[in-house]
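Novice: One predicted model, sequence on top.
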Amino acid sequence: MTNSTESIVSLKGVDFSYAPGERNILSGLNMEFPRGKVIAVMGGSGCGKTTVLRLIGGQVTAQQGEVMFEGQNVGLMNTQQLMAARRRMGMLFQFGALFTDMSVFENVAFPLREHTKVSETTLRDLVLMKLNAVGLRGARDLMPSQISGGMARRVALARAIALDPPLIMYDEPFAGLDPISLGITARLIKNMNQALGATSILVTHDIPETFEIADYVYFIANGTIAAEGTPHDLKISTDPFVKQFVSADPDGPVPFHYPGKTLAEDFGAQS
Ligand SMILES: Nc1ncnc2c1ncn2[C@@H]1O[C@H](COP(=O)(O)OP(=O)(O)OP(=O)(O)O)[C@@H](O)[C@H]1O
């Protein structure tokens, strides 16, 4: 995807490894996240999808290249700038845990109490508006132990958008959800993005739901972009890598077997 001036986030020539001298998790990675879009980051387990979110959030820093957020280099921000930038990023991490000792209402109120000085009346209105957006205004007084996993995910979403962030990052938002909750969550992510005029980055393995709501998809393999395009482009792609991913096929360029001895060596006839 091009047009970096329209992007809220862009990665340019990013090299990253978790420890000096270790293999690069990401090498020469270029990605654009245009404003207003839902962009999915997909790829095999351990390919570095979550690491991309950590680079954007400034939890880790690239050894080479630039990670830009709203025109500023995240890797060069001081602590104060980073804190300010993070307030503009809603993050919903894997199994986005709620505070178990707080009601649904207080969970959503938490970031507002932490980062703003709004009056209790305004706070109440803001929280109820966010809960209304995820269909859970009526559940405000329940405790996390009293709601289902799908509802908890929606509360976590309401909390992630409490400060109206222009960027929302989701790490495996569908993990562990039943098919109905999964469909509801997917539609909610799309609708939220539109209602807030935000940009959403989605790290996920769920092809059907993601292709339903994403405007653009990146596939990462071997530390770089192996394929990219709109869901439509990718569905009709003849690239063996894309076809293997889209059809969840165990046979293809991404091997099912971890490299090791051949079958014959392990089970072969012994003399
Ligand atoms: N804190 C860390 N220190 C060292 N290595 C790490 C660390 N976090 C992740 N890794 C390694 O970096 C690689 C990329 O991890 P990452 O979590 O970004 O992958 P992923 O694509 O999100 O995986 P999954 O889909 O399984 O969640 C993996 O090989 C992982 O083992």
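Specialist: That came through, no problem. Numbers count the residues shown, from 1 in each chain.
Novice: so who does the residue in the stretch 151-271 of the chain that the ligand sits nearest to touch?
Specialist: Shortest the stretch 151-271 of the chain-to-the ligand distance, computed as Cβ to the nearest ligand atom: residue-wise this is Val203, at 6.2 Å. In short, each C-beta sits where N, CA and C put it, glycine included. Neighbour list for Val203: 40-42, 49-50, 52-53, 169-172 [criterion: Cβ atoms under 8 Å, 6 or more residues apart in numbering].
Novice: can you tell me which of these are in helices?
Specialist: 49-50, 52-53 (DSSP state H).
Novice: Can you lay out those residues as TSV showing neighbour count?
Specialist: TSV is the format used below for the ones in helices among the contacts of Val203 (neighbours: other Cβ atoms under 10 Å):
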residue	neighbour count
Lys49	23
Thr50	17
Val52	28
Leu53	21
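Novice: Considering only these, which also neighbour the ligand?
Specialist: Here is what survives when these are matched to the ligand using Cβ under 6 Å from any ligand atom: 49-50.
Novice: roughly how far is stretch 212-229 from the heart of the chain?
Specialist: Put simply, stretch 212-229 sits 13 Å off its chain's centre (Cα atoms, centre = their mean, to the nearest Å).
Novice: Check stretch 238-252 too.
Specialist: Distance, centroid of stretch 238-252 to centroid of chain: 22 Å (Cα atoms, centre = their mean).
Novice: backbone phi and psi for the residue of the stretch 151-271 of the chain closest to the ligand, please?
Specialist: Per-residue torsions, Val203: phi -100, psi 120 (degrees, to the nearest 10).
Novice: Show the pLDDT at it.
Specialist: On pLDDT, Val203 comes in at 95.
Novice: How about Gln94?
Specialist: Confidence score, pLDDT, at Gln94: 68.
Novice: One more: Ser145?
Specialist: 93.
Novice: so who does it touch?
Specialist: Here Ser145 is in contact with Thr100 (Cβ under 8 Å, 6+ apart).
Novice: That one and Arg137: what is the separation?
Specialist: 20 Å (Cβ to Cβ, to the nearest Å).
Novice: Would you mind naming what in the stretch 1-150 of the chain lies close to the ligand?
Specialist: Close to the ligand, as judged by Cβ under 6 Å from any ligand atom, the stretch 1-150 of the chain has residues 18, 25, 43, 45-51.
Novice: of the residues you listed, buried ones?
Specialist: Of all those considered here, the ones buried according to neighbour count by 16 or more other Cβ atoms under 10 Å are 25, 43, 47-51.
Novice: Redo those residues as JSON lines? Include pLDDT.
Specialist: Shown next, in JSON lines, are those (pLDDT from 0 to 100):
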{"residue": "Ile25", "pLDDT": "94"}
{"residue": "Gly43", "pLDDT": "91"}
{"residue": "Cys47", "pLDDT": "91"}
{"residue": "Gly48", "pLDDT": "93"}
{"residue": "Lys49", "pLDDT": "94"}
{"residue": "Thr50", "pLDDT": "93"}
{"residue": "Thr51", "pLDDT": "95"}
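Novice: wait, which of those is closest to Arg153?
Specialist: Thr50 (17.5 Å; Cβ to Cβ).
Novice: In this structure that closest one contacts Asp171, no?
Specialist: Yes: contact criterion Cβ atoms under 8 Å: Thr50 and Asp171 qualify, at 5.7 Å.
Novice: coming back round to it: for the residues of the stretch 1-150 of the chain next to the ligand, which two are the farthest from each other?
Specialist: Tyr18 and Gly43 (17.3 Å).
Novice: Mind naming the longest helix for this protein?
Specialist: Longest helix in the chain, counting by DSSP H: helix 179-196.
Novice: Tell me how far that one lies from the chain's centre.
Specialist: 14 Å.
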